[in-house]
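Could you work out the structure for the sequence below:
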Amino acid sequence: MRASDWITQARRAVSSAEHSMSGGFYEDACFIAHNAAMLGVIGLLIRKGITETGPSIYFLLKKVETATGELLHKARYLDTLFVPARFPYCFEKGAPMDYFDQATAEEAIEDAKAILGFVETELD
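Numbers count the residues shown, from 1 in each chain. A predicted model of the protein is given here:
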């Protein structure tokens with residue numbers, strides 16, 4: 001079982017998201033926050049013996065019976081950031097950097113931290 005490696009990488013991704021945010025790379029911070037939560041949830045699923053991957057935190061987290069509605073809401077929010085934070089084709093004009101701001105990045109990071117907190121509690 002390599003669940004701990006997934007959790008370790010998830011924690012590092014949160015730090016990377018915070019670093020991106022502090023540099024004004026808000027779209028990157030949002031994408032990385034999504035990645036952090038995804039890594040954490042996959043680590044939890046591995047520990048539970050559930051073989052499931054994919055980029056949707058929401059659908060991954062739904063596999064965990066103790067996931068609350070609030071956490072699933074945070075997962076859905078992070079999922080909405082996954083593609084638009086990276087690709088200009090998601091917008092009529094401009095690039096992702098034009099659409100993501102500090103408040104959005106802060107919310108994404110806080111949601112990722114909440115999901116990781118849940119994952120760590122479940123693993124204890």
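
can you list contacts of stretch 57-67?
Residues outside stretch 57-67 that contact it (C-beta atoms under 8 Å, 6 or more residues apart in numbering) are 34, 37-38, 41-42, 44-45, 48, 50, 52-54, 71-72, 75-76, 78-79, 115, 118, 122. (Each C-beta comes from the backbone N, C-alpha and C, glycine too.)

Out of these, which sit inside helices?
Using DSSP state H, 34, 37-38, 41-42, 44-45, 71-72, 75-76, 78-79, 115, 118, 122 are the members of the contacts of stretch 57-67 that sit in helices.

Return the members of the contacts of stretch 57-67 classed as buried.
Among the contacts of stretch 57-67, those buried by neighbour count (16 or more other C-beta atoms under 10 Å) are 34, 37-38, 41-42, 44-45, 71-72, 75, 78-79, 115, 118.

Closest one to residue 7 out of those residues, please.
residue 44 (8.0 Å; C-beta to C-beta).

which regions of this structure sit below the pLDDT cut-off?
1 (pLDDT under 70).

Run a quick check on residue 91 versus residue 97, I expect a contact.
No. Counting by C-beta atoms under 8 Å, residue 91 does not reach residue 97; the two are 10.6 Å apart.
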